[in-house]
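Engineer: generate a structure from the sequence data that follows.
(2 chains)
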Amino acid sequence: MYAQMVKSTGEGVKSLDEMEPQERAFQERINADVKIEPKDWMPEGYRKTLVRQISQHAHSEIVGQLPEGNWITRAPTLERKMILLAKVQDEAGHGLYLYCAAETLGVSRDEMTEQLLSGKAKYSSIFNYPTLTWADIGAIGWLVDGAAIMNQVPLQRCSYGPYSRAMIRICKEESFHQRQGYDIMMKLVKGTPEQKEMAQDAINRWWWPSLMMFGPSDTDSVHSAQSMAWGIKQNSNDELRQKFVDQTVPQADYLGLKVPDPDLRWNEERGSYDFGEVDWNEFYEVLKGNGPCNAERMAARRKAWDDGAWFREGLMAHARKKETRIMAAE
Amino acid sequence: MATGKHDQTLFELSLRMGDNALILGQRISAWCGHAPVLEEDIALANVALDLIGQASLWLGFAGEIEGEGRTADNLAFLRADREFRNCLLVEQPNGDFGHTLMRQFLFDAWHLPMLKALTLSSDERVAAIAAKSAKEATYHLERSEDFVIRLGDGSDESHRRMQDALDVLWPFAGELTCADEIDVALADKGLGPDLGAIGAEYKEYMERMLKKATLTADWQAPIRKGGKVGDHSEALGHLLPEMQWLQRSHPGAVW
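Structural biologist: Predicted structure coming up:
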């Protein structure tokens, strides 16, 4: 999952007693774990929050093709090339399911694309980091997809039916992605000294940005409280980040790689790892557009869209001609 | 090129089929994330995946025929450009999306009948690889034929772009159906088809489809060829260093 800091109404959560009958009935369905479907009545804030979250998630899948796509033509074996192609293709497919899920809420894919290209809609901060070596492809699969899975598994239980169902399909594919990433890392750490160094360099660069994927602490966020009340969000950002660290550190140990955090230590009492503070300034800078690759990622997406205009228009023109011919024949 | 006791013509056939698939797959995989619509990102990745998969089968087979222990990866990543046996068409740069689609169309229209004919090869392995690949190539041709017709007979701009692409790429198409000594030897042994027959089929198909697409080919254009015997265009010399870079900079490493 790749949605960070999704704004909700910002008005605070209403109690059932404060709600009008229609909203109350809606909230009671959510509380009873009944899925909300496109034709059901829903508060405007619920619809808008979901559109923001699902479209941000979809955009992340689309932009997310770029850093990994950067290595498809340089993958070191035919098998690795095929696996990477299949993975990037899955991501485009995830983007497609998610745009479809968002369209059920009354927004078109073209509108969402326009919002991405104009910079109005966001995508995950993680895709604004560069893929400099082949080991980065391993680190993305292992760490970035690992963090994504941590976020996405609870979203399978999201109150909105189409999003929940899209997430069930997506999660199946993401676990394959994470395994292939870990497998790349495994080969590298068992390889030559240069390969091992490449692997360590990759975790050094990807560790902190991966922790940022969960977003800043949201214990006091009114937006998160509302998303939780609506069953869109199930866990706090800190909870998920902790879970990710606890799962990933032993994997790094197994690989013989050092996690680049001097404050990382096992806390016997909590049964969890203590870890250092994320550099949130960096996170906000990346979100504002000042990350290492923001400009390149947006430029690539805009170029793809603009250069493809004639293609899309050509197909439409053909469809119109065909229709005219059919009408003329009738 | 190795010359041992192995059947050199069969080895060449596998390299030609494998290198065509590899180089075209490599070219179109560069579109991933950059196509004009999301559905095309997905479809192109599918075609690239099929082609790289086919390359892996053909090159694996070539290595076995050669019998010197070279794997498909060794052949893909450690041969020099003069040792590649793909036709010039597939190594031509991507250009705009119209060039990419036209290159694919000109290739697919040959690839499918070629593979179908190879399913009748006297060599069982060739027939098996061809049978698997033909299923994929059927879908590739359906897709590229559909696009060439729709864009050729689309807007003024899409027509102009497709005609430009055809003008640039058409001279390269001839190499696909132009038989050399190896093709003749393969046909004599029943290992491969008579390329002349494939060429006649190709011509008839192109006349029919290009008419539908309202595009015009220059049938008198001299054929640009040489890739099948290792005389490539400059384009391949830029594609290979990118593709082979990791393998060459870390000799013997396992990935």
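Engineer: export stretch A:205-214 to CSV, keeping only CA atoms.
Structural biologist: Taking C-alpha atoms only, stretch A:205-214 is exported to CSV below (Å, rounded to 0.1, in the frame of the first residue of the first chain):
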residue,chain,number,x,y,z
ARG,A,205,19.7,3.5,1.3
TRP,A,206,16.3,1.8,1.4
TRP,A,207,15.8,1.0,5.1
TRP,A,208,14.7,4.5,6.3
PRO,A,209,12.6,5.3,3.2
SER,A,210,10.8,2.0,3.8
LEU,A,211,10.0,2.9,7.4
MET,A,212,8.6,6.2,6.1
MET,A,213,6.2,4.4,3.9
PHE,A,214,3.9,3.9,7.0
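Engineer: tell me how far residue A:171 lies from chain B.
Structural biologist: 19 Å (Cβ to the nearest Cβ, to the nearest Å). In this view, the C-beta of every residue, glycine as well, is placed from N, C-alpha and C.
Engineer: same question for residue A:174.
Structural biologist: 17 Å.
Engineer: that residue: what's it in contact with?
Structural biologist: Residues near residue A:174 by Cβ atoms under 8 Å, 6 or more residues apart in numbering or on different chains: A:145, A:148, A:149, A:152.
Engineer: what's the pLDDT at the closest residue to it other than its chain neighbours?
Structural biologist: Leaving aside its chain neighbours, residue A:174 sits nearest to residue A:149 (4.9 Å; criterion: Cβ to Cβ, 6 or more residues apart in numbering or on different chains). In this model, residue A:149 is scored at 93, pLDDT.
Engineer: and for the one 10 residues further on?
Structural biologist: You'll see residue A:159 listed with a pLDDT of 97.
Engineer: and it, what does it touch?
Structural biologist: A:30, A:35, A:36, A:230, A:231, A:232.
Engineer: could you look up the SS state of the spatially closest residue to it that is not a sequence neighbour?
Structural biologist: Nearest residue to residue A:159, sequence neighbours excluded (Cβ to Cβ, 6+ apart): residue A:231, at 3.2 Å. State at residue A:231, reduced to three classes by DSSP: H, G, I helix; E, B strand; the rest coil: coil.
Engineer: burial measure for residue A:231, as a count.
Structural biologist: 21 (other Cβ atoms under 10 Å in any protein chain shown).
Engineer: A strand includes residue A:266, no?
Structural biologist: Yes: per three-state DSSP, residue A:266 lies within a strand segment.
Engineer: surely it and residue A:259 touch.
Structural biologist: No: between residue A:266 and residue A:259 there is no contact under Cβ atoms under 8 Å: 12.0 Å.
Engineer: pick out whichever of the two has more residues nearby.
Structural biologist: Of the pair residue A:266 and residue A:259, residue A:259 is the one with more neighbours under other Cβ under 10 Å, namely 18 against 12.
Engineer: can you show me the strands along the chain?
Structural biologist: If you meant another chain, say so; for now it's chain A. Here chain A has its strands, by DSSP state E, at A:265-267, A:272-274.
Engineer: so how far is the last one off the chain centroid?
Structural biologist: For strand A:272-274, the distance between its averaged C-alpha position and the chain's averaged C-alpha position is 25 Å (Cα atoms, centre = their mean, to the nearest Å).
Engineer: list the buried residues of it.
Structural biologist: Residues of strand A:272-274 classed as buried: residue A:273 (neighbour count, 16 or more other Cβ atoms under 10 Å in any protein chain shown).
Engineer: neighbouring strands of that strand in the sheet, and parallel or not?
Structural biologist: strand A:265-267 (antiparallel) (DSSP bridges).
Engineer: contact partners of the partner strand?
Structural biologist: A:273, A:274.
Engineer: what sits against residue A:82?
Structural biologist: B:49, B:52, B:53, B:56.
Engineer: 6 Å instead, please
Structural biologist: B:49, B:52 (Cβ atoms under 6 Å, 6 or more residues apart in numbering or on different chains).
Engineer: which one of the strands of chain A lies nearest to residue A:219?
Structural biologist: Residue A:219 lies closest to strand A:272-274 among those, at 16.6 Å (Cβ to Cβ).
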